[in-house]
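Asks: Structure for this input, please:
(4 chains, ligands or ions: 2)
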Amino acid sequence: MAVTTRAESRLDVARIRADFPVLSQTVRGKPLVYLDNAATSQKPRQVIEAMSRVFEEHNANIHRGVYEFSERTTAVFEEARAKVAGLINAPSEREVIFVRNATEGVNLVAYAWGRDNLKRGDRIVTTVLEHHSDFVPWQQLAMEVGAEVAVVDIDDDGRLRRDQLSAELRKGVKLLAITHTSNGLGTVNPVKEIAAEAHAAGATVLVDAAQAVPHTPVDVQDLGADFLVFSGHKMLAPPGSGGVWGRTALLENMRPFLYGGDMISRVTISLTEWNELPWKFEAGTSSYVDAIGLGAAVDYLQEVGLARIHEHELGLVSYVLPRLQDIPGVTVYGPKTLEDRVGVVSFNIEGIHPHDVATIFDREGVCVRAGHHCNQPLMTRLGVPATTRASFYLYNTTEECDALVGAVHAAKKVFGV
Amino acid sequence: MAVTTRAESRLDVARIRADFPVLSQTVRGKPLVYLDNAATSQKPRQVIEAMSRVFEEHNANIHRGVYEFSERTTAVFEEARAKVAGLINAPSEREVIFVRNATEGVNLVAYAWGRDNLKRGDRIVTTVLEHHSDFVPWQQLAMEVGAEVAVVDIDDDGRLRRDQLSAELRKGVKLLAITHTSNGLGTVNPVKEIAAEAHAAGATVLVDAAQAVPHTPVDVQDLGADFLVFSGHKMLAPPGSGGVWGRTALLENMRPFLYGGDMISRVTISLTEWNELPWKFEAGTSSYVDAIGLGAAVDYLQEVGLARIHEHELGLVSYVLPRLQDIPGVTVYGPKTLEDRVGVVSFNIEGIHPHDVATIFDREGVCVRAGHHCNQPLMTRLGVPATTRASFYLYNTTEECDALVGAVHAAKKVFGV
Amino acid sequence: MDDMYRDYILDHYKNPRNSGPLEGATHTYHDSNPLCGDELTMQLRISDGHVDDVRFIGKGCAISQASASILTEEVKGKTLDEVKAIDRDHVLANLGIPISPARVKCALLGLKALKGAAWGLTAWPGEEVKAK
Amino acid sequence: MDDMYRDYILDHYKNPRNSGPLEGATHTYHDSNPLCGDELTMQLRISDGHVDDVRFIGKGCAISQASASILTEEVKGKTLDEVKAIDRDHVLANLGIPISPARVKCALLGLKALKGAAWGLTAWPGEEVKAK
Ligand SMILES: Cc1ncc(COP(=O)(O)O)c(C=O)c1O
Ligand SMILES: Cc1ncc(COP(=O)(O)O)c(C=O)c1O
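Replies: Ligands and ions are numbered 1, 2, ... in the order given. Below is the predicted model of the structure:
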């Protein structure tokens, strides 16, 4: 076990926690220990207030209104887009499309790019680490057009089998759909290297960054991806916000996804012309308040600094991993070192089903996820029906790690194992 | 001109206005007169607070969490669905699918029902009153599958040409896509009669109720529709909330629309099984806070009463219509009587482009919409590039109607017409 | 703590009654809860309209397995009609512990499989005992 | 009120300069703003690299039509290169009134058509003067 304990976190966690109203709540009389951040994050008051402010001060529908409130709301909305573009270092904010979540993002690419670019016999390469949201759309599209899906395996440490990946790419590939960071195991894939290899093999590369953008610096230009998707609700922003980034050349050559108001430039009974990027892909009234919340969340994350957040989370992993592994009957899945991983820790306790674990944890005030984490192919690969998953964020503390360890002992006591 | 002034509104508008923080704002030093409700509505504090409450008190991702916060959030989210089902009298809440907006709703039906049920030579009947969101998806699907789109005209009063509609239905029809209420003219179509006629002709009937559900009682069972879509942001709820209602038998036989987390029951590398209704159509993390906001909005609307809201809005129309029509150079489009219409008043001032009108109105604090209202086919039919549109809601007053009339005079003065 | 995991439940989980395949089963139904990976097969041997014997094969969480075990004890000797009449509230009450909403599906998996067997189903058509 | 509709603008709107078709035009470009239905055609007659004459044909709002009218006055006699160098800030400044964000597209329609003509385009490829 090669975990080295990191230096003390340089985050002022107490101050950060004070920004999150929910963190002072109690659950069944115990302080809330929220360790389900890979599912969704909590929200700071800066985000909650940015949203209320729109409703209370200048709400109006965006883009089409020739009056001040509409102009103000449009400005804040488009500023949010610029902030997101800045966060991921997109070459242009026109390449950032607001969607509900990462899932809609993948589907947008599948419908608007995939249906025209994948045909019978084409190969899609993906991995056993994918979340259902980056797997089922491709599986279904492949069935529809007659393409083939190759699923690259992991090794026993939860790392992608690069040899297998290379072999699959060599067989021919139209699309590589790959997760940047596994929500099930916390593994970070070396996407930059992989994207280069996939491009050399002729692939278009879609990166699922739902677990990356919230936790680590992500630079789309450095990664060399073609499409990248993420969800706002996992990064301090409200559910309903999220983004697809795509290269201009790809986006411009794609058909639209959803049709309707705002994404058009001109409609006649026989013909429709599309609006420019990015609006071509934003049909109907956007979730503009959610997007504005995302803008405020980006500000918050940038101010704290994503590199420092990542460091903080690894500090918690280095603290909790050995403590969990020392408990008899506990099996931890995924990387056991701090290299190329994030603050996701998946484990099982022998003799207790993860759902029972989570129920007992809840009674201790500890919120963790138990289940397949929308990773059924991965669960099958691990040979378990489900795992218990604790996942950290910038506001978590070593005391909360202690509560987690304490809850494991409590569960074992109840079940007498 | 057959407008009869209605009895005084039975709404306690002052009390209602006190619930809407934004209504006490000023614009360029003048009190806000918000008359762009057909574009989006303002939000009462009950809705704003229902949303903040989730973030501050028990936020967690829904459906998959085995802990109290997740269960509480799931419960409030699913209660919101039940409230929506109640509002439109859906036979089952399983028939209510949460979507971002009406636009996504129409697209969901177009992708998940349309692609499998419309084929070369099939006929789609729709109307010149449709919003782009209920027109472009069908136009594009028709182009993709080789179907034909017939567009039924209106008469010079803005009423649907029932004779033409009947003739088109008789020619054969697979889908009738029709707006319940025109956002451009305020016309209410006799959807119940029309749906019966369309069914007799063998059509499936989709009703765009984006302008109906917010303003009048809507009963899907009484209407006899097969699908019905609407947007939350037009009915006091946040952007990002909205719904598709569909008959169980149709929804169960449809393929899914978006693929990913939560909409599956079981995923293997080669096969996926879908979740039950309605979740089969809700992929990824829902905009659950927006949906909860919609639930609070439904409570608010139900408490005031939609029939009374409708009556109130007609009262404002009866007040303002003759006053506008009395101004030389003003042309009002659409129905001039109170029968089968809502509180949407579209007009033009001779010699002033609607955009100039709206800019001058804005200086008077009066927010109206100027443009094509996502109704370009209708504008073409009316022979104008755009109109100025005032649209009312439960919080508007006759004083605001006076401000509107005053703004018309101001615009005429500036332009010397 | 022990409100949800009383000795009664844990005992049925660790020492399931009527567990394992049933010889001469006349009615068999398998169901599962993909969310947590619970699996359950109920087998009945019906003679003269009565449950002559019942057994289940399952794996999964304590709630699902204990609930199934408790059910088998209850239905032995009952008529087929009595079995068909057992409802979700009865099963939840029988567990004698508060079941949180997220765990209701676990608690009812045994009932679902039992009903599937009793009605002689091969697949579950409706939503009668599906938890919301 | 009159900050956005000063006499200057209204005068150009009501009495557009250089309005109507241009005989012997060497460069013509049509553009429009579908949102509001503004339409604008710019026509140039270039000889020896200079704008010998310019006219526009348009309909739409006061801002778009006045802006086009003002532009035509300005470019007459300029070299083609000078015309190509006119930028959006210059046009907005020239109007001499504050233009709200929603109206920027109106104010720049004339410039867009002028540039299209000056560059000899048949369709607009880039986004140089497209308002955000
Ligand atoms: C009749 C009608 N249908 C559809 C829509 C589209 O609504 P949304 O933009 O919320 O999708 C609107 C909104 O303008 C509308 O008025
Ligand atoms: C890696 C990964 N991809 C995609 C998703 C889907 O995110 P959402 O549900 O917000 O669409 C998730 C969230 O669980 C995730 O962890």
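Asks: Surely C:Pro101 and B:Glu71 touch.
Replies: Yes: between C:Pro101 and B:Glu71 a contact is recorded at 4.7 Å, counting by CB atoms under 8 Å. (C-beta placed from N, C-alpha, C; glycine too.)
Asks: Excluding chain neighbours, what is closest to A:Gly351?
Replies: Leaving out its chain neighbours, the residue that sits closest to A:Gly351 by CB to CB, 6 or more residues apart in numbering or on different chains is A:Val417, at 3.9 Å.
Asks: about what we covered before: neighbour count for C:Pro101 and B:Glu71, which is higher?
Replies: B:Glu71 (20 against 16; other CB atoms under 10 Å in any protein chain shown).
Asks: so does the helix or strand encompassing the more buried one get close to chain C?
Replies: Here B:Glu71, judged by DSSP states H and E, is contained in helix B:68-87. Yes: against chain C, helix B:68-87 shows contacts by CB under 8 Å from any CB of the partner chain at B:Glu68, B:Ser70, B:Glu71, B:Thr74, B:Ala75, B:Glu78.
Asks: so which of those residues is the most crowded?
Replies: Sorting the residues of helix B:68-87 next to chain C by how many neighbours each has (other CB under 10 Å) puts B:Ser70 first, at 27 neighbours.
Asks: Pick the one among the residues of helix B:68-87 next to chain C closest to chain C.
Replies: Nearest to chain C among those is B:Glu71, at 4.7 Å by CB to the nearest CB.
Asks: Show me which residues of chain C are close to chain A?
Replies: C:1-2, C:4-5, C:10, C:34-38, C:59-63, C:100, C:103, C:106.
Asks: send the alpha carbons of the helix or strand A:Gly105 falls within over as PDB?
Replies: Secondary-structure element containing A:Gly105, defined by DSSP H and E: helix A:102-109. Once non-C-alpha atoms are left out, helix A:102-109 reads as follows in PDB (Å, rounded to 0.1, in the frame of the first residue of the first chain):
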ATOM      1  CA  ALA A 102     -23.500  15.500 -19.100                       C
ATOM      2  CA  THR A 103     -26.100  12.900 -20.200                       C
ATOM      3  CA  GLU A 104     -27.800  15.400 -22.500                       C
ATOM      4  CA  GLY A 105     -24.400  16.400 -23.700                       C
ATOM      5  CA  VAL A 106     -23.500  12.900 -24.800                       C
ATOM      6  CA  ASN A 107     -26.900  12.400 -26.400                       C
ATOM      7  CA  LEU A 108     -26.500  15.700 -28.300                       C
ATOM      8  CA  VAL A 109     -23.300  14.500 -29.800                       C
END
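Asks: Quickly check: the helix or strand that that helix is followed by near chain B or not.
Replies: Under the assignment DSSP H and E, the closest C-terminal helix or strand after helix A:102-109 is helix A:115-117. No: shown here: helix A:115-117 not in contact with chain B (CB under 8 Å from any CB), separated by at least 9.7 Å.
Asks: helices or strands up against helix A:115-117?
Replies: With contacts defined as 3 or more CB pairs under 8 Å, 6 or more residues apart in numbering or on different chains; DSSP states H and E, the packing partners of helix A:115-117 are helix A:136-145.
Asks: What lies in contact with the helix it packs on?
Replies: Here helix A:136-145 makes contact (CB atoms under 8 Å, 6 or more residues apart in numbering or on different chains) with A:106-107, A:110, A:114-115, A:118-120, A:122, A:124, A:126, A:147-149, A:175, A:177, B:256, B:258-260, B:264, B:267, B:269-270, B:272.
Asks: rounded to a whole number, what's the mean pLDDT of it?
Replies: Per-residue pLDDT over helix A:136-145 has a mean of 98.
Asks: hmm, that helix touching ligand 2?
Replies: No: when contact is scored as CB under 6 Å from any ligand atom, no part of helix A:136-145 falls within range of ligand 2; the minimum is 10.7 Å.
Asks: and that helix with helix A:102-109, angle?
Replies: Taking axes from the mean of the first three to the mean of the last three CA atoms, to 10 degrees, helix A:136-145 and helix A:102-109 form an angle of 30 degrees between their directions.
Asks: The following helix or strand past helix A:136-145 - what's its average pLDDT?
Replies: Toward the C-terminal end, the helix or strand that comes next after helix A:136-145 (DSSP H and E) is strand A:148-152. Here strand A:148-152 scores 98 as its mean pLDDT.
Asks: Could I get the buried residue list for the helix or strand just after strand A:148-152?
Replies: Next helix or strand after strand A:148-152 toward the C-terminus (DSSP H and E): helix A:162-170. For helix A:162-170, the neighbour count (16 or more other CB atoms under 10 Å in any protein chain shown) marks A:Gln164, A:Leu165, A:Glu168, A:Leu169 as buried.
Asks: Need the contact partners of helix A:162-170.
Replies: A:Arg123, A:Val125, A:Thr127, A:Ala150, A:Val152, A:Asp153, A:Leu176, A:Ile194, A:Glu197, A:Ala198, A:Ala201, A:Ala203.
Asks: excluding its backbone neighbours, what's nearest whichever residue of the stretch 101-250 of chain A sits closest to chain B?
Replies: Ranked by CB to the nearest CB, the top residue of the stretch 101-250 of chain A for proximity to chain B is A:Thr103, at 2.6 Å. Residue nearest to A:Thr103 in three dimensions, not counting chain neighbours: B:Gly284, with 2.6 Å by CB to CB, 6+ apart.
Asks: hmm, back to that, check the residues of helix B:68-87 next to chain C and tell me the two furthest apart.
Replies: Comparing every pair within the residues of helix B:68-87 next to chain C by CB to CB identifies B:Glu68 and B:Glu78 as the most remote, at 15.5 Å.
Asks: residue ranges of the strands in chain C, please?
Replies: Applying DSSP state E to chain C gives strands spanning C:27-33, C:38-47, C:50-59.
Asks: For A:Ala112, list the residues it contacts.
Replies: Remark: with contacts taken as CB under 8 Å, 6+ apart, A:Ala112 is in contact with A:Met254, A:Arg255, A:Pro256, A:Phe257, A:Phe281.
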